[in-house]
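J.: Here is a sequence with its predicted model. Questions after.
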Amino acid sequence: QKEVEQDPGPLSVPEGAIVSLNCTYSNSAFQYFMWYRQYSRKGPELLMYTYSSGNKEDGRFTAQVDKSSKYISLFIRDSQPSDSATYLCATPHTGKLIFGQGTTLQVKP
Amino acid sequence: DAGVTQSPTHLIKTRGQQVTLRCSPKSGHDTVSWYQQALGQGPQFIFQYYEEEERQRGNFPDRFSGHQFPNYSSELNVNALLLGDSALYLCASSLGQLETQYFGPGTRLLVL
């Protein structure tokens, strides 16, 4: 079992839709969680990070952590074609980042 | 303020050859981590350098080695290249081993 699991998609939605991206993790020692966005042929860009259970909002993006079920989510409101990218969830553990497989999102105009 | 930079951007090698990839960290950062990202996969941790020493290593063979220089820049060396080494190699820098990591654009390596 991978330490962080993520459905690779691809996920295709129309412009303006609400997008839900999800990851599960296996180790209850994981405390911090990040979402990175990676455009094609580019390096990952840090989008959001969270520590505790609950929601964290930043503009159109909301990160949610449910530690009781070991489930993390990223919601994108009013999705735009420019949001088309691969979204990677990650957790730091002893200084290294453990990534999920990434979910490829396409937002169609 | 320059972010993380990597060179070269693309590289083509043949099996058995050796390759060196380079990384300059974000200004003010002292820790460099290297990741391998195969097509369609998330990045996998190779190793981390801090104070010119390898501090942590992932599940990669000894063919993968690295170095950190006094100016905090870093190199990743891969010997005896295999077809399976074809991937995007990412460098990430941070201020300290446990802090947020910021990624460079990567070097895309193709082994033929």
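T.: That came through, no problem.

J.: can you list contacts of stretch A:27-43?
T.: A:3, A:21, A:23, A:25, A:44-51, A:61, A:63, A:65, A:67, A:70, A:72, A:74, A:85-93, A:97-99, A:102, B:4, B:90, B:100, B:103-106, B:108 (C-beta atoms under 8 Å, 6 or more residues apart in numbering or on different chains). Backbone N, C-alpha and C define where each C-beta goes, glycine included.

J.: again with stretch A:46-57
T.: A:31-37, A:58, A:61-68, A:72, A:74, A:87, B:100-102.

J.: related to what we said a few turns ago, now a PyMOL select for only the buried ones of the contacts of stretch A:27-43.
T.: Selecting only the buried members of the contacts of stretch A:27-43 in PyMOL, with burial defined as 16 or more other C-beta atoms under 10 Å in any protein chain shown, works like this:
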select buried, (chain A and resi 21+23+25+44+47+48+49+50+61+63+65+70+72+74+85+86+87+88+89+90+91+92+93+97+98+99+102) or (chain B and resi 4+90+103+104+105+106+108)
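
J.: Could you verify my assumption that A:Glu15 touches A:Lys108?
T.: Yes - here A:Glu15 lies in contact with A:Lys108, judged by C-beta atoms under 8 Å, at a distance of 6.5 Å.

J.: list the residues that contact both of the two?
T.: Common contact partners of A:Glu15 and A:Lys108 (C-beta under 8 Å, 6+ apart): A:Pro81.

J.: any residues touching stretch B:4-23, and which ones?
T.: Contact with stretch B:4-23 is made by A:43, B:24-26, B:32, B:34, B:73-83, B:89-93, B:102-112, as judged by C-beta under 8 Å, 6+ apart.

J.: how many other residues sit next to whichever residue of chain B sits closest to chain A?
T.: As assessed by C-beta to the nearest C-beta, chain A sits closest to B:Gly42 within chain B, at 3.3 Å. Per other C-beta atoms under 10 Å in any protein chain shown, the neighbour tally for B:Gly42 reads 24.

J.: Which helix or which strand is home to it?
T.: Under DSSP states H and E, no helix or strand contains B:Gly42.

J.: Please name the nearest non-neighbouring residue to it.
T.: By the measure of C-beta to C-beta, 6 or more residues apart in numbering or on different chains, the closest residue to B:Gly42 outside its immediate chain neighbours is A:Phe99, 3.3 Å from it.

J.: ok, that neighbour to A:Tyr87 distance?
T.: 11 Å (C-beta to C-beta, to the nearest Å).
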